[in-house]
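Chemist: Generate coordinates for the sequence data below:
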Amino acid sequence: MRRSTLNKTIDSTHTKRLAGTLAACALALAGIAQAPLAQAAPVAKRPNLIVILADDLGYSDIGRFGGDIATPNLDKLAHDGTTMTQFYASPFCSPTRAMLMSGTDNHLAGFGDMGELLVPEQKGKPGYEGHLNDRVVTVAEVLKSAGYRTAMTGKWHLGVPEQFSPAARGFDQSYALVQGGASHYGDQLGVIAGNPDKSPKAIYRENGKTVDIPKDFYSSDFYTSKMIDYLKAGEHSGKPFFAYLAYTAPHWPLQAPQVDVNKYEGRYKAGYEALRKERLARMRQMGIVTTDEAAYPGNAVWPKWDELTPEQKASEARRMAVYAAMVDRMDQNIGRLFAYLKQSGQMDNTYVFFMSDNGPDGNSVYDVARTREWIHKQLDNSTANLGRPGSFAEYGPGWAQVSATPFHLYKAFVYEGGISVPAIAWGPGVKAGVVKRDALRITDIAPTLYQLAGAHYPTMHKGNAVVPLRGKSMLAYLRGNATEVHGKDEAMGWELGGRKALRKGDWKIVYANKPWGSGDWELYNVAEDRSELHNLAAANPQKLGEMLTAWKDYVRQTGTLEIPGLADRPGYSNSRGYYDDLEYEAKLKPRAAQ
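Modeler: You can find the predicted model right below:
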C-alpha cells in the first residue's frame, strides 16, 4: 500500500505521533548505519549468507536441544557454532516471517495479526495489511542492492497475490508456497476448506508466477534441490549469495516418507509424560536449561496419556513417529545443502543461521471454516495410513507440549513455549561449541546480515519513509566481542490475537485468556522460573506496574491495537476438539479396507 493511499485509512494524529517516536529511536535501535539503498562499498570476498527456517519445530525437538529425533547435521552445526537458548520468535508463522524479512516488529511490517485471521477492527489499519507493507524493506531487497544474488525456496506466507510475492520483494529466484500450509506431497492440497466436497488447492509461485508442483514432490526434498539449483546457476557470477530456505516441515499435515517413519515406529508408545521427562533430563545434562528447571505439566483441559484408549494411544504414537520423520528428513536435506557447499568450495566463506518460526503447534486447523468436514469426508487418517499421501493429520496439544519441553504451552501463545525457539549460528569467527543464554530475537537476524554484508538499511525506499530496524546486530556477540545484544533495560513486546507479553531484563508479563491463562496480566521472573509456573503478580505489584508502563510504551511505538475480547474468538488456536477428532479417527479402518 502506497503512503498516499495509506494516509487515507488512518488517523493523521496517530500517524504523526508514531512516525516521530520511530524516527527518534531509529539509529539507537538499528545498531548499523542507515542510508538510501545503494551499491555497497566493495568488500573483499564478502561472505555467503544462509537463513534456514523450520516451520512449527519445537524447542526440544532437535538433538542439540535435548530431542530424541536424529538431527546429526544440525547437531554438528551447533557443535561447530553457537547455540542460542533464549532466542525469540513470534507465536505465529507469518508475523515471525515478517519480522525476519524486515528486522522490525510485525505490527509495523504489516502482520499485526495473521492475514487469514484479521477481524473487522483490524482491517485497513496501518500494520494490519496482511502482506509486507511499503514501510519496510526486506533483507532480500537490501542485500540485492548491495550486490548479492538472492534466492528463496519454501514457505513465504507474506502475501498471496503476485505483487506481494518473493519476486516482488527482492528475490532474484524463488519457488514459494505463498500460503500458510499445504500437503507435503505432489497432490498440492491446501489446508483450509470452505466446501467439504471440494478440496482446496495450494498456491505456489516460481519467480512470481503461479506453477503446479511436480507429482513426485516432497516438500523438504524439493525445496532443497531447487535451492541447490539456484545456487549452482550463479556459482560463476562473482557475487556472494543470500539464501533463504524456509522448510514447511514439520508443519501439519503430518506426512513423511515411510522409510523415515520406520525409524521411529514404537519410539513414542510410552506417551507424553515419559517422553517429556526424558527430554528434560537430557536438556539439563546438556546445559540447555538449568538443572533445577521444572517442566510445565500441561493444561488441565487435556487428558494425560493413561487416560487415552489403546486405539488413541496407537494413533498418537504413530502421529509423533511421522512428525519425528519429518524433522529427520529436513535434517537430511540440510546436510545435502551443506555437502553441495563443501564440494563447491563455498562453505568456508558462508554464515548459517537456523531457527524455528514459533513454538510447536498444538492447535487445530479442523476448527477453521468447514475443514473438519472435508478431512473426515475426503481423507484417510486411519492409524495405518497416517503420514502417507491422502492422510491429513495433526499431532495435537499432548505432543506439542512435549516438543515445547520444558516450557509453558505452544504456538499461538506468548508464554515461553510459543515464542522460544531453537536457534543456531555458524560461520567464520562465530564461537564454536558455545551456548549463549542472553535474550535475542528474530528481528536481530536482518541487522546481523547487513553488518556481515557491509550493506546499509535505508530511511527511504521507492518514495516511502521506512520504519527503523528494531533488531540489533548479533555479530560482535556471536564472535565473543560483546557480552550482550539487548540491554537489561530494553523491552521486548509481543501481541497476537489479543494475547500479549513483554520481557524486560529477567522479568516478563503475560496475558492469556482462560482456560489457557488467568484472564489477567501475570508476572514471572524468567531467570528463576522460565517455565512460568509461579505467577508473582499479586506478590510484586510494584514490578507488575513497572512492566505495564513498559507495555504501554511498546503499544505506542508499534501501533499495536488492543481489542477487548479478541483472545476469546473461536477457531484456530483453541484446539477444543482435538481429542474428539482423535477418538473418531483412531477407530477408522483404512479406506482401502472399507
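
Chemist: tell me which element the residue nearest to T291 when sequence neighbours are not counted is part of?
Modeler: Computed as Cβ to Cβ, 6 or more residues apart in numbering, the closest residue to T291 that is not its neighbour in sequence is R284, at 5.0 Å. Quick note: C-beta positions are derived from backbone N, CA and C, even for glycine. Assessed by DSSP states H and E, R284 sits inside helix 272-286.

Chemist: elements contacting that helix?
Modeler: On a contact count with 3 or more Cβ pairs under 8 Å, 6 or more residues apart in numbering; DSSP states H and E, helix 272-286 meets helix 396-403.

Chemist: which is the next helix or strand following the helix it packs on?
Modeler: helix 416-419.

Chemist: Now that following helix - C-alpha only, PDB.
Modeler: Extracted C-alpha coordinates of helix 416-419, given in PDB (Å, rounded to 0.1, in the frame of the first residue of the first chain):
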ATOM      1  CA  GLU A 416       7.800 -19.300  26.500                       C
ATOM      2  CA  GLY A 417       6.500 -22.400  24.700                       C
ATOM      3  CA  GLY A 418       5.000 -20.300  22.000                       C
ATOM      4  CA  ILE A 419       7.900 -17.900  21.300                       C
END
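
Chemist: about what we covered before: tell me the pLDDT of the residue nearest to T291.
Modeler: Note on R284: pLDDT of 97.

Chemist: 56 is where my numbering starts, stick with that
Modeler: Sure, I'll start counting at 56 from here, so that last one is R339.

Chemist: Quick check, it in contact with E348.
Modeler: Yes - counting by Cβ atoms under 8 Å, R339 does reach E348; the two are 6.9 Å apart.

Chemist: Give the buried residues for stretch 587-599.
Modeler: The neighbour-count check on stretch 587-599 (16 or more other Cβ atoms under 10 Å) flags 587, 590-592, 598-599 as buried.

Chemist: gap between the two ends of it?
Modeler: Stretch 587-599 has an end-to-end distance of 15 Å (Cα to Cα, to the nearest Å).

Chemist: could you give me the average pLDDT of it?
Modeler: The average pLDDT within stretch 587-599 is 98.

Chemist: How many neighbouring residues does the closest residue to N519 other than its chain neighbours have?
Modeler: Leaving aside its sequence neighbours, N519 sits nearest to D189 (Cβ to Cβ, 6+ apart; 4.7 Å). For D189, the neighbour count with other Cβ atoms under 10 Å is 19.

Chemist: do the same with L213
Modeler: For L213, using other Cβ under 10 Å, the count is 27.

Chemist: Helix, strand, or coil at the nearest residue to it once chain neighbours are set aside?
Modeler: Spatially, and ignoring its direct neighbours in sequence, L213 is nearest to L187 (5.0 Å; Cβ to Cβ, 6+ apart). What DSSP: H, G, I helix; E, B strand; the rest coil gives for L187 is coil.

Chemist: was I right about L187 contacting F219?
Modeler: Yes - using Cβ under 8 Å, L187 makes contact with F219 at a distance of 6.6 Å.

Chemist: hey, what's in contact with both of these two?
Modeler: L213 (Cβ atoms under 8 Å, 6 or more residues apart in numbering).

Chemist: so of the buried residues of stretch 587-599, which ones are in helices?
Modeler: Residues of the buried residues of stretch 587-599 located in helices (DSSP state H): 598-599.

Chemist: which one of the buried residues of stretch 587-599 sits closest to S399?
Modeler: Of all those, S399 sits closest to E587, with 45.5 Å by Cβ to Cβ.

Chemist: how about that closest one, what does it touch?
Modeler: The contact partners of E587, taken as Cβ under 8 Å, 6+ apart, are 351, 462-463, 470-471, 563, 565, 577, 579, 581.

Chemist: can we see that at 6 Å?
Modeler: Residues near E587 by Cβ atoms under 6 Å, 6 or more residues apart in numbering: 463, 470, 579.

Chemist: likewise C148?
Modeler: Applying Cβ under 6 Å, 6+ apart, we find C148 in contact with 212, 412.

Chemist: Need the pLDDT of it.
Modeler: pLDDT recorded at C148 is 96.

Chemist: what's the answer for M381, then?
Modeler: At M381, the pLDDT value in this model is 99.

Chemist: returning to what we had before: and for the helix holding R339, what's in contact with it?
Modeler: Residues outside helix 327-341 that contact it (Cβ under 6 Å, 6+ apart) are 115, 121, 344, 346, 350, 360, 453, 457, 460-461.

Chemist: cool, and stretch 244-259?
Modeler: 232-234, 236-238, 243, 266, 268, 420, 423-426, 428-429, 432.

Chemist: Next step: the residues you listed restricted to helices.
Modeler: Within the contacts of stretch 244-259, residues falling in helices by DSSP H are 426, 428-429, 432.

Chemist: Closest one to G626 out of those residues, please.
Modeler: T426 (10.2 Å).

Chemist: what are the ranges of the strands in the stretch 156-305 of the chain?
Modeler: Along the stretch 156-305 of the chain, the stretches classed as strands by DSSP state E, counting those that start in this stretch are 204-210, 228-232, 259-261, 264-266, 296-301.

Chemist: Looking at those, spot the one closest to P619.
Modeler: Using Cβ to Cβ, the strands of the stretch 156-305 of the chain put strand 204-210 closest to P619, at 32.4 Å.

Chemist: Return the list of helices and strands in contact with that closest one.
Modeler: Judged by 3 or more Cβ pairs under 6 Å, 6 or more residues apart in numbering; DSSP states H and E, the packing partners of strand 204-210 are helix 194-200, strand 228-232, helix 274-288, strand 296-301.

Chemist: just checking, what packs against the first one?
Modeler: With contacts taken as 3+ Cβ pairs under 6 Å, 6+ apart, helix 194-200 sits against strand 204-210, helix 500-508.

Chemist: ditto for the longest one
Modeler: When contacts are defined as 3+ Cβ pairs under 6 Å, 6+ apart, helix 274-288 sits against strand 204-210, helix 365-398.

Chemist: how about 10 Å then?
Modeler: Where contact means 3 or more Cβ pairs under 10 Å, 6 or more residues apart in numbering; DSSP states H and E, helix 274-288 is packed against strand 103-109, strand 204-210, strand 228-232, strand 296-301, helix 365-398.

Chemist: buried residues in it?
Modeler: For helix 274-288, using 16+ other Cβ under 10 Å, the buried residues are 274-283, 285-286.

Chemist: Now do that helix and strand 103-109, the angle between them.
Modeler: Our comparison of helix 274-288 with strand 103-109, counting by axes from the mean of the first three to the mean of the last three Cα atoms, to 10 degrees, yields an angle of 170 degrees.

Chemist: mean confidence for helix 274-288?
Modeler: Mean pLDDT, computed over helix 274-288, is 98.

Chemist: just the first one next, same as before
Modeler: Per-residue pLDDT values across helix 194-200 average out to 98.

Chemist: Alpha carbons only: can I get it in CSV?
Modeler: Below are the C-alpha coordinates for helix 194-200, written out as CSV (Å, rounded to 0.1, in the frame of the first residue of the first chain):
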residue,chain,number,x,y,z
VAL,A,194,16.5,-8.4,3.7
ALA,A,195,16.5,-9.5,0.0
GLU,A,196,15.9,-6.0,-1.2
VAL,A,197,18.8,-4.6,0.9
LEU,A,198,21.2,-7.4,0.0
LYS,A,199,20.3,-7.4,-3.6
SER,A,200,21.1,-3.7,-3.8
